[in-house]
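S.K.: Provided below for reference: sequence and predicted model.
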Amino acid sequence: MRSELTAPVRLAGAYILFSSVWIFASDSLLMAMVNDRALNSQLQTAKGVFFVLLSSLLIFYLSYRNRRAQHELLNALAHNSRLLQHTQRNAALGSWEYDGHMHWSPEALQLLGRDPGCEYSSTEQLLSWLYPAERPTLQRALQGLREQHTPMATSVRLHQPPQQQVTWLMLRGEADANGQILGTVQDISTQKRDETALRESEQRFRQLFEQTPRIAVQGYDRERRVIYWNQASTQLYGYSLQEAMGRRLEELIIPPAARSKAISAINRWLLGGPPIAAAELQLQRKDGSKVWVYSTHSMLPNSRDQLELYCIDIDLSEQKQINLELQASEGRYRELVEQLNEVIVLTDASGHLNFLNPAWEKLSGYAGYECLGRPLTQFLDGADAARFNQQLSAIDNGQQSGLRGEFRLLTRQGQLRWIDIQLSHSPSNSMLNGSLHDIHDRHQLQQLQHARNAVLDELLARRPLAHILDGISQRLQDLNPHMRVSIMLLDEQQRLRLVAAPSLPELYRQAIDGLPAQLELGSCGHAACSGELVIAENLDTHPYWQAFRTQALAAGLHACWSLPFKDDNARVLGTFGIYYDHPKRPSQSDIALVTEFTRLASLAVQQLQRQR
């Protein structure tokens, strides 16, 4: 029996059964209970009326319930139809049926670009709407759907004027259980354009790696077998594409000593462990030679959701060679700088030391490492430090590009040495670099020669001896401002008369004028008597200075050494007294310098004696 008749037959059968039971059961009950024929007839009439009313109510109820169910079903169908239409519009989807002709929905006609009058069409008309190259494929698919009920899913292009953008459609169809053919049509133009763009991008990406000579790219499957090998990999490692494909990573480019480690790292990564970090690696070429590369690694799933390892290697051979040459050059340069007698110096814009070669320690007495970060002016004499800072400011203001001048360096031993400083400014990093050259001996020789010339000129001009000796003492102090110089002459009574002392206080000058030439009586008295050099490093404790200690300390004098000067017959003519503001012992260069000036004083005194 057809399914649509089941419910009505069941309802009719229930009504017949109910009616039969009602009629026979009510009649039997009335006959048993009522013997009066007239009353029985009346009750039969009432029973019939009641049955009619009851049947009407039952029919009304069943009819009402059926109509209500139909109404709810129609509402649900309308709602679903609206949802379907909305979904089809959003998804660019239409539907169709086939019963010998194609029946298109309005949405399908809109996608096909046809008027509503084309709601019914033949398959030949459909094929005429498509791009000629797509027609055979769709025709075979429709034939398989009609004859063998093979599901159809075919992408086709609409036949449109050249100036319009290409429209791609996906036609799907299948036969239901009753053999009715239903299908959909969907606009997949955006998807097709995205796929085309993706293919073009992949092609460009592949060409990029294929044509880039210095970026070697290899792909490996889970077993570390080569699945991709670009031309740069062939150039880098020496294996052709045919030689590399299918071979394992460790067999090709991993040195034997590192193979087990590389395999373990890759397996851990495949199992969810830490990825292999990018790093510089030493790998192996086909000929067994080693090559340095910077290698990065990526683990990517393929279309079958299987992980694949991709390695991107950049050849560092040239860079490594340049680095080795640079290191060798730096080594040679450093060796040269460390062996130079000149001090090589690098400072920042404010004059703080950033680099010093070993010659600095020989010149200044300070170790280079303990001076770094300190200003160079800290090692210059006060007046020269101020002049150095002025030139630094001029460089900083753009008034000059470098610095050059003669300055006095204060050594660790407290000695002043003349140096020539040459620094040039680097605009790229605001640093100053250059050298310090020791010119102390040359400078002293020049000054000494100037002093000789001055003495000779003054002698020729018949200047007074006191004037000449005062000039000698002043020039000596100019050479070493830490010295306080005095010159005393020995008279006939063997007393020392003060002739020149440009920087000693007047009270102290009066105290020492007329000092007897006597042993252990001050530095100058002992030197005039003994004819030898006398050094009192600390006046506060030296035994020769008991008689003059109070006056000397009051004058701010804390050290003194005396050097006698003599005539051609080795007789003492006088003494040079050298004082310091703090306890100090003279250096050999200081003694040598004063010795030269004593010769000038001796020359001047003897020349004037001869003239008299």
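M.R.: Right, received. Where do you want to start? Model, not experiment: these values are computed from the prediction.
S.K.: domain ranges for this protein?
M.R.: Structural domains assigned to the chain are 3-85, 91-193, 212-320, 340-438, 444-611, following automatic domain parsing.
S.K.: can I get the ones you listed in TSV including distance to residue 199, mean pLDDT and mean neighbour count?
M.R.: Yep, even glycine has a C-beta here, placed from its N, CA and C like the rest. Converted to TSV, the domains of the chain look like this (distance: least, Cβ to Cβ, whole Å; pLDDT from 0 to 100; neighbours: other Cβ atoms under 10 Å):
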stretch	distance to residue 199	mean pLDDT	mean neighbour count
domain 3-85	34	75	11
domain 91-193	11	86	15
domain 212-320	14	90	15
domain 340-438	49	86	16
domain 444-611	85	92	18
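S.K.: how about those in a markdown table, adding distance to residue 329?
M.R.: Below are the domains of the chain laid out as a markdown table (distance: least, Cβ to Cβ, whole Å):
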| stretch | distance to residue 329 |
| --- | --- |
| domain 3-85 | 79 |
| domain 91-193 | 57 |
| domain 212-320 | 15 |
| domain 340-438 | 16 |
| domain 444-611 | 39 |
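S.K.: which neighbouring elements make contact with the helix of greatest length in the chain?
M.R.: The single longest helix within the chain, with elements called by DSSP state H, is helix 37-90. Counting contacts by 3 or more Cβ pairs under 8 Å, 6 or more residues apart in numbering; DSSP states H and E, helix 37-90 is packed against helix 3-33, strand 93-98, helix 106-112.
S.K.: indicate which one of the ones you listed is closest to residue 492.
M.R.: strand 93-98 (137.2 Å; Cβ to Cβ).
S.K.: what packs against whichever helix or strand comes after the closest one?
M.R.: Counting by DSSP states H and E, the next helix or strand C-terminal to strand 93-98 is strand 102-104. The contact analysis (3+ Cβ pairs under 8 Å, 6+ apart) places strand 102-104 against strand 93-98, strand 120-121, helix 123-128.
S.K.: check which element follows whichever helix or strand residue 489 is part of along the chain.
M.R.: Applying DSSP H and E as the criterion places residue 489 in strand 484-490. Sequence-wise, the next helix or strand downstream of strand 484-490 (DSSP H and E) is strand 495-500.
S.K.: can you give me the angle the strand holding residue 489 makes with strand 495-500?
M.R.: Relative orientation of strand 484-490 and strand 495-500, computed by axes from the mean of the first three to the mean of the last three Cα atoms, to 10 degrees: 140 degrees.
S.K.: show me what strand 484-490 is in contact with.
M.R.: Residues outside strand 484-490 that contact it (Cβ atoms under 8 Å, 6 or more residues apart in numbering) are 469-470, 472-474, 476-477, 496-504, 512, 515, 517, 524, 528, 557, 572-581, 601, 605.
S.K.: from the chain's centre, how far out does that strand sit?
M.R.: 69 Å (Cα atoms, centre = their mean, to the nearest Å).
S.K.: quick one on the thing from earlier: of the helices and strands packed on helix 37-90, which is nearest residue 284?
M.R.: Residue 284 lies closest, by Cβ to Cβ, to one member of these: strand 93-98, at 57.7 Å.
S.K.: those strands in the stretch 401-550 of the chain, which residues are they?
M.R.: For the stretch 401-550 of the chain, the strands defined by DSSP state E, counting those that start in this stretch occupy 402-410, 416-426, 431-438, 484-490, 495-500, 515-516, 534-536.
S.K.: quote the end-to-end distance of stretch 248-255.
M.R.: End-to-end distance of stretch 248-255 (Cα to Cα, to the nearest Å): 13 Å.
S.K.: that older thread, so which of the helices and strands packed on strand 102-104 is nearest residue 413?
M.R.: Among these, the nearest to residue 413 by Cβ to Cβ is strand 93-98 (98.8 Å).
S.K.: kindly format the C-alpha coordinates of the closest one as CSV.
M.R.: Provided in CSV are the C-alpha atoms of strand 93-98 (Å, rounded to 0.1, in the frame of the first residue of the first chain):
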residue,chain,number,x,y,z
LEU,A,93,24.3,29.1,-5.2
GLY,A,94,21.4,28.0,-7.3
SER,A,95,19.5,24.7,-7.9
TRP,A,96,18.2,22.8,-10.8
GLU,A,97,16.3,19.6,-11.7
TYR,A,98,16.4,17.3,-14.7
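S.K.: can you give me the helices for the stretch 501-612 of the chain?
M.R.: Here the stretch 501-612 of the chain has its helices, by DSSP state H, counting those that start in this stretch, at 506-512, 522-530, 549-554, 588-611.
S.K.: for the stretch 201-350 of the chain, same thing?
M.R.: Secondary structure of the stretch 201-350 of the chain, counting by DSSP H, counting those that start in this stretch: helices at 231-237, 241-244, 249-252, 259-270, 317-339.
S.K.: who touches the third one?
M.R.: What it means is helix 249-252. 218, 220, 224-226, 237, 239, 244, 259, 262-263, 266, 286, 309, 311.
S.K.: mind redoing it with 10 Å?
M.R.: 218, 220, 223-226, 229, 233, 237-239, 243-244, 256, 258-263, 266, 283-286, 309, 311 (Cβ atoms under 10 Å, 6 or more residues apart in numbering).
S.K.: got the contact list for the closest residue to residue 151 other than its chain neighbours?
M.R.: Once flanking residues are discounted, residue 151 sits nearest to residue 174: 4.4 Å by Cβ to Cβ, 6 or more residues apart in numbering. The neighbours of residue 174, taking Cβ under 10 Å, 6+ apart as the test, are 145, 149-153, 180-184.
S.K.: if we can go back for a sec, want to throw the helices of the stretch 501-612 of the chain into a markdown table with distance to residue 79?
M.R.: Formatted as a markdown table, the helices of the stretch 501-612 of the chain follow (distance: least, Cβ to Cβ, whole Å):
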| stretch | distance to residue 79 |
| --- | --- |
| helix 506-512 | 123 |
| helix 522-530 | 125 |
| helix 549-554 | 118 |
| helix 588-611 | 113 |
